[in-house]
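Undergrad: Give me the fold of what follows.
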Amino acid sequence: MGVSLMTRLAIKKNLMQVSTLAVLTTAIAGILSIGKAQAGVIDFDDLPGNVDWIQNGYKGFNWNNFAYLNSTNYFDPSAYRNGTVSNPNVAFNSGGDPASISINSGQFNFNSAYLTGAWNNGLNIRVEGLFQGSTKYSRTVNVGSTSPTLFNFNFLGIDNLRFTSFGGVNAGYNGSGTHFVLDNLTYNESESVPEPLTILGTLTAASIGVTLRCKQKQQKKAKTQA
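TA: Okay, here's the model as predicted:
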């Protein structure tokens, strides 16, 4: 039993719609993936020795006033050991002074980090995300000294991450100051997202491509039937 002309036309139309949708879906997925990279985790555990400065270039960043130590070899009790998420190393702000992480060019996303007060309970840490010298994000968190606390920041498109600690009450350890412990910092490299006109152009090009392919198939079929 033959298929009617109307049925063949309906099938052809549906196939064209499915093909167009598939191409546009692929194009949109590619656009949305821009700016998203696999998250990196900085745990400081690959740094050698017991204590030292974190050098510029480590993990692709510049490190200002950040040092690290091997908490398993550091005297106890202290929150350096309490604040360790992954053994053996943690980072800290030397002297309890402000510290920062930056890149020379481009942007990155600061996702999260574990923070602990090295000597003080109720330590305040102001975390700021900057881009080209202007503050985009600012959040102050409060931490204790007995265990690390995970904070999700989601600072997007920054080139400088600044930490300033203050306040709190001494926890009774054999040391003092507004030092904080930093471990397992997560980040993404951030890429620029296309402008709306670029996105529209991509989708238009994809749609035109589908239309041309369909016309070529129709012309080829017509020649075959001639």
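
Undergrad: so is the residue lying closest to residue 53 once chain neighbours are set aside in a helix, a strand, or just coil?
TA: Once flanking residues are discounted, residue 53 sits nearest to residue 67: 5.1 Å by CB to CB, 6 or more residues apart in numbering. Glycine gets a C-beta too; all of them are placed from N, C-alpha and C. Following DSSP: H, G, I helix; E, B strand; the rest coil, we place residue 67 in the strand state.

Undergrad: burial count for residue 67?
TA: By other CB atoms under 10 Å, 18 other residues sit near residue 67.

Undergrad: Specify the beta-bridge partners of it.
TA: Counting by DSSP bridges, residue 67 is bridged to residue 53, residue 92.

Undergrad: how near is it to residue 181?
TA: Here the criterion is CB to CB, to the nearest Å. By it, residue 67 lies 11 Å from residue 181.

Undergrad: tell me the pLDDT at residue 75?
TA: According to the prediction, residue 75 has pLDDT 79.

Undergrad: Surely it is in a helix?
TA: No - according to three-state DSSP, residue 75 belongs to no helix; its state is coil.

Undergrad: The helix or strand hosting residue 157: which residues count as buried?
TA: Assigned by DSSP states H and E, residue 157 falls within strand 149-158. For strand 149-158, a neighbour-count test (16 or more other CB atoms under 10 Å) marks 153, 155-158 as buried.

Undergrad: ok, then the element right after it?
TA: Following strand 149-158 in sequence order, the next helix or strand is strand 160-166 (DSSP H and E).

Undergrad: Pull out the buried residues from that next one.
TA: 160-165.

Undergrad: One more: stretch 73-85?
TA: 78-85.

Undergrad: same question, stretch 134-149
TA: Using 16+ other CB under 10 Å as the test for burial, stretch 134-149 gives 137, 141, 143-145, 148.

Undergrad: and which of the residues you listed is nearest residue 190?
TA: Of all the buried residues of stretch 134-149, residue 190 sits closest to residue 137, with 13.2 Å by CB to CB.

Undergrad: Quick one: residues contacting the closest one.
TA: Residue 137 makes contact with 127-129, 153, 155, 158 under the criterion CB atoms under 8 Å, 6 or more residues apart in numbering.

Undergrad: any chance of those in TSV, with pLDDT and distance to residue 171 too?
TA: Listed next are the contacts of residue 137 as TSV, based on pLDDT from 0 to 100; distance: CB to CB, whole Å:
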residue	pLDDT	distance to residue 171
127	99	21
128	99	26
129	99	29
153	99	25
155	99	29
158	99	32
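
Undergrad: re earlier: what packs against the strand holding residue 157?
TA: Applying 3 or more CB pairs under 8 Å, 6 or more residues apart in numbering; DSSP states H and E, one finds that strand 149-158 contacts strand 107-117, strand 123-131, strand 134-143, strand 180-190.

Undergrad: could you measure the nearest residue to residue 133 once chain neighbours are set aside against residue 61, distance?
TA: Setting aside the residues directly before and after it, residue 133 is nearest to residue 160 in space (CB to CB, 6+ apart), at 8.0 Å. The gap separating residue 160 from residue 61 is 10 Å, by CB to CB.

Undergrad: what sits in contact with each of the two?
TA: Counting by CB under 8 Å, 6+ apart, the shared contacts of residue 160 and residue 61 are 101-103.

Undergrad: Return the residues in contact with the closest residue to residue 93 other than its chain neighbours.
TA: In this structure, residue 93 finds its nearest non-sequential neighbour in residue 99, 3.9 Å apart by CB to CB, 6+ apart. Each residue near residue 99 by CB under 8 Å, 6+ apart is listed here: 63-66, 93, 162-163.
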